[in-house]
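Novice: Here you go, sequence then predicted model.
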There are 2 protein chains.
Amino acid sequence: MVHYRAEVWSKASPQSDGIKPDGIEVEAELELPGTAECAGKAVDDAACAYARVSRARGRPRAYDPGEVLDKALKVFWQKGFAATSLDDLVEATGVNRPSLYAGFGDKESLYLKAMQRYRARTDSQLDAVLTCSGQNDTVRSIIRRYFDIMIDTYTGEAEHPLGCAFMCTALNEAPQHESILEMLQNTIDQFDIRFETFFAQARDMGFIRADQDPKALSQMIIGLTANLGVRARAGASRETLQDMVRGTTALLFGA
Amino acid sequence: MVHYRAEVWSKASPQSDGIKPDGIEVEAELELPGTAECAGKAVDDAACAYARVSRARGRPRAYDPGEVLDKALKVFWQKGFAATSLDDLVEATGVNRPSLYAGFGDKESLYLKAMQRYRARTDSQLDAVLTCSGQNDTVRSIIRRYFDIMIDTYTGEAEHPLGCAFMCTALNEAPQHESILEMLQNTIDQFDIRFETFFAQARDMGFIRADQDPKALSQMIIGLTANLGVRARAGASRETLQDMVRGTTALLFGA
DNA sequence: ATAATTTTGTACTAAATCGCACAAAATTAG
DNA sequence: CTAATTTTGTGCGATTTAGTACAAAATTAT
């Protein structure tokens, strides 16, 4: 897959000829897979009028950044941040050391990027499931589908289940790495917002009892999620986790 | 504090003169703080008739093993297992490297011992609180006292709260260290037993509704505990955590 | 006192680790 | 075709790390 690069610069200098005036800083660079046309369209869609899309000059990258992040994530998820060496990452990604640095920064930066990808993936999965569209779905069935996704994530792929990547690796590093702490806080905040919104909606639509506080429900679901994420890493089987979900959601939302 | 050592051996060779017959293996060694008499009494209390209690020969230890484990725990709790170096431990404990090895084994073994101490401390705190003695206490008040203890543990001592030591450090290492995984599983199992027993009792005594499954309730409480342990490490204040407990316990057990 | 025993503390070794220097390779621009 | 640019890949250097060897120190046993 060939990649194209879009340089985006300030709208204060309106030129659409694709030539950046001197003295104007490039504000962002985007990696765009596919053909030049498709890359250009992506830039249009993003309403970046003052951008230049072109095949990057110089020797082309031999790796796909997304794939590399996925491979790096696997290693971090398994071994944790501190115990993962750059040699591990070089071996797992197939990208040599200076290229990793050039492409992703140091180990901490690479870890953050890999975790962002993990989060983005989960987020988009949850976006698809966690909306109270009304009608056929009950809150209980929606929440159970949510837990199905999380159980999949926590037990999937590897021979041994790896649990929740955030709890299992980021928690460990939080006191020593400010940036990781921030990412962790941010992730928790997003989770809170997601569920509080969901349950507030559900209550407004009459799907849960009025005495069930959305914030408290939210904390219960997030707590159960944490519980699943921990137990998966401790070796609990998918079935065990599913049983947990059955019992607890019955308690909260009725059998 | 001077320490005494009790050698205990097989009851198959009944001699109470304190002299171990040749060919009989020493079965256990106990460290006993205090005077020789007090050490002897401890052995009596433990019904170890065939034991010899004496001041250990050779140069006496310059450190108290329990204090050293506490100091080591602090470091592991803060930095995690992998990122804690032996130099860190030497500095924190004041015990030099070969003495650490002689006294506690390698880093993994020291970590396990420190965590066992953490667990033992929590266990004894919970033993004192988590019994359904009936009468004045409601399940809700007992559970809230339980959460008070956990919040204390998760936010106490250090300037920045360190969260749950098991979730924050052992989870990270579980896939790479069989012994840590086992300890983690064991800890989870004990928690399950503790709460399932408690809620089963509570239900038998009519303190909770018959439709509230003890296993499900247990999972909810453990999940909330996990939630607290995570958020503490992410920087949540004691008050925030207490609010969480108020809301969720009200949801489960009534306001 | 002297021997036996155990812990302490210094100093060391071998291996691992992070991050980078530098030349070669691959591509675009002119 | 030549210059400019960017990535690749080998290899290295400085530092950190886990674990240990060994002599000195402190104590008990005889």
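Specialist: Looks like it came in fine. Worth saying up front: this structure is predicted, and the values here are computed from it rather than measured.

Novice: Residue numbers of chain A in contact with DNA strand D?
Specialist: Listed as neighbours of DNA strand D in chain A under the rule C-beta under 7 Å from any atom of the strand: A:56-63, A:95-99, A:102-103. Quick note: C-beta positions are derived from backbone N, CA and C, even for glycine.

Novice: in what helix or strand does the most centrally placed residue in chain A lie?
Specialist: Nearest residue to the geometric centre of chain A (C-alpha atoms, centre = their mean): residue A:119, 1.6 Å. Per DSSP states H and E, residue A:119 falls inside helix A:107-129.

Novice: Show me which positions of that helix end up buried.
Specialist: Across helix A:107-129, burial judged by 16 or more other C-beta atoms under 10 Å in any protein chain shown covers A:107, A:110, A:111, A:112, A:113, A:114, A:115, A:117, A:118, A:119, A:122, A:126.

Novice: Which pair in those has the greatest spatial separation?
Specialist: Across these, no pair lies farther apart than A:107 and A:126, at 28.5 Å, counting by C-beta to C-beta.

Novice: count of neighbours near residue A:254?
Specialist: When neighbours are counted by other C-beta atoms under 10 Å in any protein chain shown, residue A:254 registers 12.

Novice: I should have written residue A:156 there, sorry.
Specialist: Neighbours of residue A:156 under the rule other C-beta under 10 Å: 11.

Novice: and it, what pLDDT?
Specialist: Listed pLDDT for residue A:156 reads 85.

Novice: quick one, helices of chain A?
Specialist: Here chain A has its helices, by DSSP state H, at A:36-45, A:65-79, A:86-93, A:97-104, A:107-129, A:139-155, A:165, A:171-173, A:178-204, A:214-233, A:238-253.

Novice: Would you mind measuring from the residue of chain A at minimum distance from DNA strand D to residue B:59?
Specialist: Using C-beta to the nearest atom of the strand, the single residue of chain A nearest to DNA strand D is residue A:58, 1.9 Å away. Distance from residue A:58 to residue B:59, counting by C-beta to C-beta, to the nearest Å: 66 Å.

Novice: touching chain B at all, the helix holding residue A:119?
Specialist: No - using C-beta under 8 Å from any C-beta of the partner chain, helix A:107-129 never reaches chain B; the gap is at least 12.1 Å.

Novice: other SSEs contacting that helix?
Specialist: Contacts defined by 3 or more C-beta pairs under 8 Å, 6 or more residues apart in numbering or on different chains; DSSP states H and E place helix A:107-129 against helix A:65-79, helix A:86-93, helix A:97-104, helix A:139-155, helix A:178-204.

Novice: if we go to 10 Å?
Specialist: helix A:65-79, helix A:86-93, helix A:97-104, helix A:139-155, helix A:165, helix A:178-204 (3 or more C-beta pairs under 10 Å, 6 or more residues apart in numbering or on different chains; DSSP states H and E).

Novice: what's the neighbour count on residue A:223?
Specialist: Neighbour count for residue A:223, taken as other C-beta under 10 Å: 25.

Novice: winner for burial among the helices and strands packed on helix A:107-129?
Specialist: Sort the helices and strands packed on helix A:107-129 by mean neighbour count, taking mean count of other C-beta atoms under 10 Å in any protein chain shown, and helix A:165 sits at the top with a mean of 22.

Novice: Let me see the residues that make contact with it.
Specialist: A:73-74, A:76-78, A:114-115, A:118-119, A:122, A:153-154, A:229, A:233 (C-beta atoms under 10 Å, 6 or more residues apart in numbering or on different chains).

Novice: picking that back up, from the buried residues of helix A:107-129, list the ones also adjacent to DNA strand C.
Specialist: Subset of the buried residues of helix A:107-129 in contact with DNA strand C: residue A:107, counting by C-beta under 7 Å from any atom of the strand.

Novice: which of the buried residues of helix A:107-129 lies closest to DNA strand C?
Specialist: Among the buried residues of helix A:107-129, and counting by C-beta to the nearest atom of the strand, the member closest to DNA strand C is residue A:107, at 4.3 Å.

Novice: May I ask you to confirm that residue A:207 is in contact with residue A:139?
Specialist: Yes - assessed by C-beta atoms under 10 Å, residue A:207 is found in contact with residue A:139 at 4.9 Å.

Novice: what touches both of those two?
Specialist: With C-beta under 10 Å, 6+ apart as the test, residue A:207 and residue A:139 both reach A:132, A:199, A:201, A:253.

Novice: distance of the second one from chain B?
Specialist: Pointing back at residue A:199 there. Using C-beta to the nearest C-beta, to the nearest Å, we find residue A:199 at a distance of 11 Å from chain B.

Novice: who's in contact with that residue?
Specialist: With contact taken as C-beta under 10 Å, 6+ apart, residue A:199 is in contact with A:132, A:139, A:143, A:207-208, A:212-218, A:220-221.

Novice: about what we covered before: so who does the closest residue to the residue nearest to the centre of chain A other than its chain neighbours touch?
Specialist: Computed as C-beta to C-beta, 6 or more residues apart in numbering or on different chains, the closest residue to residue A:119 that is not its neighbour in sequence is residue A:187, at 6.1 Å. Contacts for residue A:187 (C-beta under 10 Å, 6+ apart) come out as A:115, A:116, A:118, A:119, A:122, A:123, A:166, A:170, B:234.

Novice: Surely the second one and residue A:183 touch.
Specialist: Yes - counting by C-beta under 10 Å, residue A:116 does reach residue A:183; the two are 7.5 Å apart.

Novice: Out of the residues of chain A next to DNA strand D, give me the two with the largest separation.
Specialist: With C-beta to C-beta as the measure, no two of these lie farther apart than A:57 and A:97, at 23.4 Å.

Novice: Would you check how far apart the residue nearest to residue A:175 when sequence neighbours are not counted and residue A:180 are?
Specialist: Counting by C-beta to C-beta, 6+ apart, residue B:78 is the residue found nearest to residue A:175 once chain neighbours are left out, at 5.4 Å. Residue B:78 sits 14 Å away from residue A:180, going by C-beta to C-beta.

Novice: One more: residue A:115?
Specialist: Separation of residue A:115 from residue A:180 (C-beta to C-beta): 8 Å.
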